[in-house]
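> Quick one: sequence plus predicted model below, questions after.
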Amino acid sequence: LSCERRWFDRATWTPIELPLPTIPFTDAVFVGGTDWLQLIELGGLGNTREVQALFNVVTGKQMLLDSADHLNFEQQSPPMSPDGRWLALYDEGNLVIIDLVTNERYVIDDAAALVGGVVLTTANVGFS
């Protein structure tokens, strides 16, 4: 028995060369319509879903998610902007916005009281 992961062109079903994740995972879903996959490893009692990493299928960049509370949102996946550049995570009670191009982090202190979902957008918006 030989198992492997491969990418296929949906129009022709011929194999295409794209990077593959190097860390183990049992499930993967695309995040917010971007080129990023959320890699999930099932574990614990009741097969709880634990996010292990994010993986960009075009560049091959992997980002391990080591914070225990990184999914402190009501969404199934970490919030990501539609262009795949911005990521929102919780870390020790702070909201952290990460620029996935430059790896720069913007910390919003003491965001533990924020509940609900987070939406990142590329549109210019106003707030009142």
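Perfect, I can see it now.
> next structured bit after the helix or strand bottoming out on mean pLDDT in the chain?
When the helices and strands of the chain are compared on mean pLDDT, DSSP states H and E, strand 48-56 comes out lowest with a mean of 77. Using DSSP states H and E, the helix or strand that directly follows strand 48-56 along the chain is strand 62-64.
> Could you pull up the mean pLDDT of that next one?
Strand 62-64 shows a mean pLDDT of 87.
> gap between stretch 88-95 and the chain center?
Relative to its parent chain, stretch 88-95 has a centroid offset of 14 Å by CA atoms, centre = their mean, to the nearest Å.
> For that stretch, buried residues please.
Buried residues in stretch 88-95, counted by 16 or more other CB atoms under 10 Å: 88, 89, 90, 91, 95. C-beta: built from backbone N, CA, C; applies to glycine.
> now stretch 33-44
Within stretch 33-44, the residues that count as buried by 16+ other CB under 10 Å are 34, 36, 37, 38, 39, 40, 41.
> which residues are in contact with it?
Taking contacts as CB atoms under 8 Å, 6 or more residues apart in numbering, the residues outside stretch 33-44 that touch it are 21, 23-31, 48-59, 77-78, 80-84, 100.
> Sitting in strands, which of the buried residues of stretch 33-44 do you find?
Assigned to strands by DSSP state E, the following of the buried residues of stretch 33-44 qualify: 36, 37, 38, 39, 40, 41.
> beta partners of the first one?
For residue 36, the beta-bridge assignment (DSSP bridges) gives partners residue 56.
> What's the separation between residue 84 and residue 3?
When distance is defined by CB to CB, to the nearest Å, residue 84 is 28 Å away from residue 3.
> ok, these two, which is more surrounded?
Legend: neighbour count by other CB atoms under 10 Å for residue 84 and residue 3, higher for residue 84 (20 against 4).
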